[in-house]
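Novice: What shape does this take:
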Amino acid sequence: MRNKQVRGGIERKFLRAILWVGVVPMTLALTIGYVFAREGQWIATQQNQATSAQKTAEGMWLALQARQMMAGRAAMDAEIVAALRGDYGDDHSRVVSLLMRMQEEAAAIGEVDSSFILYDRKGAPLVSTEALGEADEFLPEWLESVTRTTFVEPYLFQKNQRYMTRILSPVHDPDTGELLGFLAEDQGVQELLVFVLGQRQERDQGVRDQNEYQVVFAGENRAFAVYLEDTAEGRTPVLRYDEVDPRLRGRLLRAGDRQFDSFFLLRYTANRQTRPVMMAYHRIPRDAPLFLVVYRPVSSVFANINLGAVITLVVSGLVIAVFCVIGYRIVNNNIIRPVSLLNEGAQIIRQGDFDLKLKIATGDEIEELANSFNKMASALRQNIKQLEESEEKYRRLITSMRDGIYQTDAAWAVTFLNPAGAAFLGFEAPEDAIGASFREMFVDRSDYDQISGELTDGRFVEHRRVWVRNASGRHICVEISANGIQDEAGAFAGVEGSFRDVTQNVHLETQARERSERISAINQ
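Specialist: Coordinates of the predicted model:
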């Protein structure tokens, strides 16, 4: 059981060392690398979105400016000027023919959704190439604000299920510069929007752009977004019209004169999905609340990094696991198992088997330790053999002595007695005397008090004759020698010494003394 605990302790320390030396630094390095990679990806994505928004918005604005220039030139046509000056009276057929021809020319070069309306100087419609509707009403503020060819609100609107933008050009008298009226051209931007918003569908070499594009109008009174809905391959892309997320609208309204920006939205709703996104926008006209918005879900921004982090983590974990297994096998074969053998050898030696010889061939300090262990076992075997021989010699000596050898504790209870002493005191065997009170054996208590006092004071008692009572109750006279035993603190811990039975000598001396006294009395 102890072997398992020690072995488990070494294994835990080894695994803990691997944890601190390998796993923790590797995890810290991976974490730092992951954080820096995310930060780098974040910055790169912001820059990419800002560049995409800028380039796309500028490209869209260049295309719209070309249309604006064409509309401005149309407003300078002599027949339009003549019609507004009243040169043709109420006959506008020539102007209608001109506008229809311009519409056909626009269709021929690709502007398939172009229509014209001619207004007088007060904004009343005079001629139109299509039936007029509510969206064709001339707004009063245009009389003051439109002094040159420009795009006017609504900058993007639907007309007959088509996305249009309106260009309004003031018509002036070339001779006097007087304002004669206005020429409005509603140009279709369906193809342009599909082109702009379809950036993410296919790029060079078929690489798919992860960004999503929207054209957003964020006015004070109304706001909307136009985006291109994904369709199956081979089908015509579909433009969708949707409300602007309030968080984005608020940000665009607070933009003021700012032309572009990049930021993060925690919850952005678009295309019926609400997600955290990274976003950038760029104004299309510099002075209008019409924006090209580029955004990308955060999940796709860090998808590759997260995948790489997972792969790196798995590979690193496998590499660390392989090294752990290899390291564990090396440590187990060269440290844990030899130490376990040393421990088991120590247990065997503790049980008294000194013939054990460990065979450990690790070629290092543990092998030297095993050799030292074998030498120690051999030395212990020799020392114990010598001790046993010495013990046997002294046992025979003590056993063969005719004097009693004894030893007591501090209470004078017998802790050792040789066979001669046991015989003197009336015990059948020395073991029967163990625990007997030597103090109770004194016949005369004063003898005990005197001897005990001398021994407690540290003196030695030698050849003192006292009468004792043996186990059978017979009084015998013994000649005792004793020495006090002290413990490590110097306190009295017991008595040791020897004694011999001198009862017969005492009797003989008494008889001799009595005989001498009788002879002395006869001689007198």
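Novice: According to the record, where do the domains of the protein fall?
Specialist: Listed by automatic domain parsing, the domain ranges of the chain are 352-398, 401-523.
Novice: Let's have those in JSON lines, adding mean neighbour count.
Specialist: C-beta: built from backbone N, CA, C; applies to glycine. Shown next, in JSON lines, are the domains of the chain (neighbours: other C-beta atoms under 10 Å):
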{"stretch": "domain 352-398", "mean neighbour count": "13"}
{"stretch": "domain 401-523", "mean neighbour count": "15"}
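Novice: which one of these has the lowest average pLDDT?
Specialist: Ranked by mean pLDDT, the domains of the chain bottom out at domain 352-398, with a mean of 81.
Novice: export the helix or strand harbouring Leu156 as CSV, just CAs?
Specialist: Element membership for Leu156, per DSSP states H and E: strand 150-159. Provided in CSV are the C-alpha atoms of strand 150-159 (Å, rounded to 0.1, in the frame of the first residue of the first chain):
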residue,chain,number,x,y,z
THR,A,150,-27.8,67.2,-59.4
PHE,A,151,-29.4,64.1,-57.9
VAL,A,152,-32.4,65.0,-55.8
GLU,A,153,-34.4,63.2,-53.2
PRO,A,154,-35.5,60.5,-53.1
TYR,A,155,-32.0,59.4,-54.2
LEU,A,156,-33.2,55.9,-54.6
PHE,A,157,-36.8,54.9,-55.2
GLN,A,158,-39.0,52.2,-56.8
LYS,A,159,-41.0,53.0,-59.8
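Novice: Which strands and helices lie in contact with it?
Specialist: Strand 150-159 is packed against helix 24-75, strand 162-172, strand 212-218, with contacts defined by 3 or more C-beta pairs under 8 Å, 6 or more residues apart in numbering; DSSP states H and E.
Novice: any chance of the ones you listed in JSON lines, with mean pLDDT too?
Specialist: Shown next, in JSON lines, are those (pLDDT from 0 to 100):
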{"stretch": "helix 24-75", "mean pLDDT": "88"}
{"stretch": "strand 162-172", "mean pLDDT": "87"}
{"stretch": "strand 212-218", "mean pLDDT": "90"}
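Novice: looking at the ones you listed, which is buried most?
Specialist: strand 212-218 (a mean of 23; mean count of other C-beta atoms under 10 Å).
Novice: Can you give the strand pairings for that strand, parallel or anti for each?
Specialist: On the basis of DSSP bridges, the sheet neighbours of strand 212-218 come out as strand 223-229 (antiparallel), strand 290-297 (antiparallel).
Novice: ranking these by mean pLDDT, which is last?
Specialist: Lowest mean pLDDT within those: strand 223-229, a mean of 86.
Novice: need the next SSE after it, C-terminal direction.
Specialist: Downstream of strand 223-229, the first helix or strand assigned by DSSP H and E is strand 238-242.
Novice: What segments of the stretch 351-500 of the chain are helices?
Specialist: 365-400, 419-424, 430-433, 445-456 (DSSP state H, counting those that start in this stretch).
Novice: chain center to the shortest one: distance?
Specialist: A distance of 72 Å separates the C-alpha centroid of helix 430-433 from that of its chain, computed with C-alpha atoms, centre = their mean, to the nearest Å.
Novice: Kindly report the same for stretch 431-446.
Specialist: 76 Å.
Novice: again, but for stretch 84-103
Specialist: 78 Å.
Novice: what do you get for stretch 420-437?
Specialist: Going by C-alpha atoms, centre = their mean, the spacing between the C-alpha centre of stretch 420-437 and its chain's C-alpha centre is 76 Å.
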